[in-house]
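Enquirer: What shape does this take:
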Amino acid sequence: MAPSEDLYAKVSTEAATEFTQSFYPALEKDRAIISWFYSTAPSPIIFNGNQVADGNAVQDIFVNQMPPAHYEIQSVDCQIINKQFPAPIPGKQPSTKDMSMLVIVSGYVRFGDSRDLPQRGFSETFVLIPNTSNETVKGRRKRDWVIQTQNFRLVV
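Expert: So this is what the prediction gives:
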């Protein structure tokens, strides 16, 4: 039997919340694991209109070029894109672990250590897909969802 719409909504909401509660703290304090959040397949990643090659390149930017950052998340929203991602397998029952979803995050970011520095609004959009890798980092459990695409924009 296929999962109910309520179950899909519950799983996607929990996944989006768990993702944001782990991704943004990593950007702040654990930048050496940022690439772990990304799909291994090449995907479009855009930061303020600039294309970035992949998760490794994002990690390199945060480790080597970005000042310390503090994120204050104001809202997280999600929507299922495809309930059978990447494609239905004949004879296999759909699972809530086999979907792709859109996650939209907005809030404030402050670049630099001082709390006196100004905050900037940001909006960020992700497409999360099931993690098919068995890779773990620092003994952590395998991520259920990884970033397929991402678009970050500072807001005026």
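Enquirer: contacts for the helix ranked longest in the chain?
Expert: Ranked by residue count, the top helix of the chain under DSSP state H comes out as helix 5-29. Under the criterion CB atoms under 8 Å, 6 or more residues apart in numbering, residues 3, 33-34, 37, 62, 68-71, 73, 76-80, 83, 96-97, 99, 101, 103, 105, 126, 128, 144-145 lie in contact with helix 5-29. (Glycine included, C-beta is placed from N, CA and C.)
Enquirer: swap in stretch 66-73?
Expert: Outside stretch 66-73, the residues touching it (CB under 8 Å, 6+ apart) are 20, 24, 27-28, 105-113, 119.
Enquirer: What are the buried residues along it?
Expert: 69-71, 73 (16 or more other CB atoms under 10 Å).
Enquirer: and it, what's its mean pLDDT?
Expert: Taken as a whole, stretch 66-73 has a mean pLDDT of 96.
Enquirer: What distance do you get for the residue of the chain positioned farthest from its centre to residue 141?
Expert: Within the chain, the residue lying farthest from the chain centre (CA atoms, centre = their mean) is residue 91, at 30.6 Å. Separation of residue 91 from residue 141 (CB to CB, to the nearest Å) stands at 29 Å.
Enquirer: which residues pair with residue 38 across the strands?
Expert: residue 147 (DSSP bridges).
Enquirer: For the remainder of this discussion, apply numbering that starts at 22.
Expert: Sure, I'll start numbering at 22, so the last one becomes residue 59.
Enquirer: Tell me, how many residues neighbour it?
Expert: By the criterion of other CB atoms under 10 Å, residue 59 has 23 neighbours.
Enquirer: Go ahead and confirm it touches residue 78.
Expert: No: Residue 59 is beyond contact range of residue 78, at 9.5 Å (criterion: CB atoms under 8 Å).
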